[in-house]
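> Give me the fold of what follows.
(one chain, ligands or ions: 2)
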Amino acid sequence: DELISQIAAGEVVERPASVVRELVDNALDAGATQITLRLLAGGVRLISVEDNGSGILRAELPTALKRHATSKIASLGDLESVGTMGFRGEALAAICSIAEVSLLTRVDTDEEPHGWLLDGRSGELQPTARAPGTTVEVRELFFATPARRKFLKTDATELAHCVEAMRRHALARPDVGFAIWHEGKLSAQWRAVPGGGMTALRQRLSDVLGEDFIAQAVAVEWPSPDAEPLEYEGQRLRIWGFAGVPDAARSRNDWQFAYVNGRYVRDKTITHAARSAYEDVLHGHRQPVYALFISLDPARVDVNVHPTKIEVRFRDGREVHQGVRRAVESALAAPRA
Ligand code: ADP
Ligand code: MG
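Ligands and ions are numbered 1, 2, ... in the order given. Predicted coordinates:
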């Protein structure tokens, strides 16, 4: 069983950034509005994710670290329509098998008057003081598998990957505040943006990627907001976000962010569709840069393709390709103010 969980861990956890992604997913699933990441040595010595979410009940604590323990889906049927980031119940168990994990949590109800500290190794549980929320600490990643640890890059590189993982989350959730500390120093902070919608997204993009991205970006909204309501409801797909038209010198090949139902994905269909739109309208002079959010009926997309959930499979890829292409084309072609 130990071996099986270590193999599973290898699929979920490649490097510190994979842990960051899973822990932040969990914090968001728990309804957190403020998430703080603390790292030592690029995350290899310590990854700590603190949230102000719902916390975990004492009764559910021991199972949280067990394989296939998830509080998020009750049946296989639910897999068709997962609304949460997590659902496989694998991440915490996997991380436990390759690192030292502790969990400090307190529920946000009056059910329990104090928090609990759970030591993942010993299973020991201690009452502790804490505001509602959860802190998961992951120490000495890959301590038991030195071969894997050797594959890790420098601290600076691992830190950069962790920051990238946080960015991906931050763009999807302008309503949530994020902070990143490395070696005791604040390395990035993105304050929660009230209000929501395109205005909040614009602000968050500017905070996370800088003014350069947003200065010349155009809004993508498809179907367009002034489309007839009936026509609008007829659409299964909704696509929104921003597409940038920076000059070639400022183009970045890491400014392509795509999300499906709130989940960051890397998907050839989307990449290709966006690129086609740029080629059609701007004749290929520019590297596409964008943050695109696609929402569609959860039954029309399979997110359970890969353990890290970074790849998805669309039931109808053509529909998505056409949608993204049209959405980006019409945004780029629209006269700019
Ligand atoms: P999954 O997210 O797929 O359910 P995980 O292994 O990531 O599986 O987490 C296991 C369970 O632990 C979750 O279903 C949830 O009940 C609980 N949990 C983990 N992290 C948190 C958190 N930050 N806040 C509240 N509950 C959490
Ligand atoms: Mg999870």
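
> residue ranges for the helices of the stretch 51-200 of the chain, please.
With helices called from DSSP state H, counting those that start in this stretch, the stretch 51-200 of the chain shows them at 61-64, 91-96, 146-150, 155-172, 197-209.

> quick check: mean pLDDT across the second one?
For helix 91-96, the mean pLDDT works out to 91.

> That one packs against which elements?
Secondary-structure packing of helix 91-96 (3 or more CB pairs under 8 Å, 6 or more residues apart in numbering; DSSP states H and E): helix 2-12, helix 16-29. For every residue, glycine as well, the C-beta is placed using N, CA and C.

> How about the secondary structure of the closest residue to residue 182 other than its chain neighbours?
Spatial nearest neighbour of residue 182, chain neighbours left out: residue 39 (4.9 Å); criterion: CB to CB, 6 or more residues apart in numbering. Taking DSSP: H, G, I helix; E, B strand; the rest coil as the rule, one finds residue 39 in the strand state.

> Quick one: residues contacting residue 39.
Listed by CB atoms under 8 Å, 6 or more residues apart in numbering, the contact partners of residue 39 are 16, 46, 47, 48, 159, 162, 180, 181, 182, 183.

> beta partners of it?
Residue 39 has the following beta-bridge partners by DSSP bridges: residue 47, residue 182.

> nearest to residue 191, of the helices of the stretch 51-200 of the chain?
helix 197-209 (7.4 Å; CB to CB).

> which stretch in the helices and strands packed on helix 91-96 has the least confidence?
Among the helices and strands packed on helix 91-96, helix 2-12 scores lowest, at a mean of 64.

> Now residue 296: closest residue in space, sequence neighbours ignored.
Using CB to CB, 6+ apart, the closest residue to residue 296 is residue 237 (5.0 Å).

> mind listing what that neighbour touches?
If you count contacts by CB under 8 Å, 6+ apart, then residue 237 has 222, 294, 295, 296, 319, 320, 323 around it.

> Closest one to residue 126 out of the residues you listed, please.
With CB to CB as the yardstick, the closest approach to residue 126 among the contacts of residue 237 comes from residue 295, at 42.7 Å.

> At which residues are the strands of the stretch 101-250 of the chain located?
Using DSSP state E, counting those that start in this stretch, the strands assigned to the stretch 101-250 of the chain run over residues 115-119, 125-128, 133-139, 177-182, 185-190, 218-222, 238-244.

> Go through the contacts of residue 237 and flag which are in strands.
222, 294, 295 (DSSP state E).

> out of those residues, who has the most neighbours?
For these, the largest number of neighbours (other CB atoms under 10 Å) sits with residue 294, at 26 neighbours.
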